[in-house]
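Undergrad: What follows is a predicted protein model with its sequence.
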Amino acid sequence: MPKSKIGIFIKCEKTVKIYIKQLNQGKDFIIMDLDENHLLIQEKYLQYIKDEVYKMQDKNAYNPIEII
């Protein structure tokens, strides 16, 4: 009998997908890796993934220092 799981479909850039796959190590929230830009993940991990991706983007964003 086939098993079914409820999941969230995520569309993202390749680099973000690679980062999400790194986050997945030890947590196993990725249900299926669909193609180069899409993932199916467990619903309960959506907020965790969003928070971690935002942290990564903030850390890597360029913020020029204003000279007064």
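TA: Right, received. Where do you want to start? Numbers count the residues shown, from 1 in each chain.
Undergrad: Measure how buried residue 22 is and give me the count.
TA: By other CB atoms under 10 Å, 10 other residues sit near residue 22. C-beta here means a position set from N, CA and C on the backbone, and glycine is covered the same way.
Undergrad: quick one: average pLDDT of the strand or helix carrying it?
TA: Here residue 22 sits within helix 14-24, counting by DSSP states H and E. Throughout helix 14-24, pLDDT has a mean value of 95.
Undergrad: export that helix as PDB, just CAs?
TA: Taking C-alpha atoms only, helix 14-24 is exported to PDB below (Å, rounded to 0.1, in the frame of the first residue of the first chain):
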ATOM      1  CA  LYS A  14      19.700  26.800  -6.800                       C
ATOM      2  CA  THR A  15      22.000  28.400  -4.100                       C
ATOM      3  CA  VAL A  16      19.100  28.700  -1.600                       C
ATOM      4  CA  LYS A  17      18.200  25.100  -2.300                       C
ATOM      5  CA  ILE A  18      21.800  24.000  -1.600                       C
ATOM      6  CA  TYR A  19      21.600  25.900   1.700                       C
ATOM      7  CA  ILE A  20      18.300  24.200   2.600                       C
ATOM      8  CA  LYS A  21      19.800  20.800   1.900                       C
ATOM      9  CA  GLN A  22      22.600  21.600   4.300                       C
ATOM     10  CA  LEU A  23      20.100  22.500   7.000                       C
ATOM     11  CA  ASN A  24      18.400  19.200   6.300                       C
END
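Undergrad: so how far is that helix from its chain's centroid?
TA: 6 Å (CA atoms, centre = their mean, to the nearest Å).
Undergrad: continuing past it, what's the next helix or strand?
TA: strand 30-35.
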